[in-house]
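# dropping the sequence and predicted coords here.
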Amino acid sequence: MNFARKPSRKQTAHEWVDYLRESNGLGGILAKTEGIAKLKITLKEALTKLDLEHLSTKIEPGWSSSKENTLFLLVSSASIGNRLQQNLPSLINELYKLGVHCVTIQVKIKPAPARWEIQPNESNQNRRPAKGFNEIAKKSWEDLLQKLAPDSELRKTVEKLLRHRPK
């Protein structure tokens, strides 16, 4: 089998970007990432022209995979979403002027992060480890010991258990 030679570790950052663009799997991911970065910049310019620049940091743009030429905007709150909905026709027009061709824009509210944390149960931390058998368990083991044959392996094991358990 012939494997491709590993690239030298002495490459510069610019050469690594070229390598990522040329590779099969990573090239597509890098292209999509660069496209989203350009889209964010263009969206910020369009929002600036509409006097909504303060919303640009609260919006995450992306292209819909199910519908062609559909841009979706993830917003952090319903008030921002309503404000964008009111300005969608103007926003689509500004984006078209800046070279982003989208027919529709869908505004979606992203779910809020969970505000609760899983904390350890404090009642389990306060428990002290069990020391030996309680009286009922000790009596049960001793009763079993009396019922077993003197030469059985189980009897030897139960005797060992009773002998080594702290009282």
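Everything's here; your move.
# three-state assignment of Thr33?
helix (DSSP: H, G, I helix; E, B strand; the rest coil).
# look at it and say how many residues are nearby.
When counting by other C-beta atoms under 10 Å, one arrives at 11 neighbours for Thr33. In this view, the C-beta of every residue, glycine as well, is placed from N, C-alpha and C.
# so what pLDDT did it get?
At Thr33, the pLDDT value in this model is 83.
# cool, the one 4 residues further on as well?
The score at Ala37 is 89. That number is its pLDDT.
# for it, give me the backbone phi and psi.
Note on Ala37: backbone dihedrals following degrees, to the nearest 10 are phi -60, psi -40.
# look up how far Ala31 lies from it.
11 Å (C-beta to C-beta, to the nearest Å).
# with Lys40 instead?
In terms of C-beta to C-beta, Lys40 sits 15 Å off from Ala31.
# try Ala46
22 Å.
# cool, and Leu73?
Leu73 is 21 Å from Ala31, by C-beta to C-beta.
# and for Arg5?
Distance from Arg5 to Ala31, by C-beta to C-beta: 25 Å.
# compare neighbour counts for the two and give me the winner.
Legend: neighbour count by other C-beta under 10 Å for Arg5 and Ala31, higher for Ala31 (12 against 6).
# which residues of this structure fall in helices?
13-22, 24-49, 78-86, 88-97, 122-125, 135-147, 153-164 (DSSP state H).
# ok now the third one, how far from the chain's centre?
Pointing back at helix 78-86 there. On the basis of C-alpha atoms, centre = their mean, to the nearest Å, helix 78-86 sits 27 Å off its chain's mean C-alpha point.
# check the longest one too.
Distance of helix 24-49 from the chain centroid (C-alpha atoms, centre = their mean) equals 22 Å.
# tell me which residues in it are buried?
39-40, 42-47 (16 or more other C-beta atoms under 10 Å).
# can you check what angle separates it from helix 88-97?
120 degrees (axes from the mean of the first three to the mean of the last three C-alpha atoms, to 10 degrees).
# counting by contacts, list what helix 24-49 packs against.
Contact here means 3 or more C-beta pairs under 8 Å, 6 or more residues apart in numbering; DSSP states H and E; on that basis helix 24-49 packs against helix 13-22, strand 59-63, helix 88-97.
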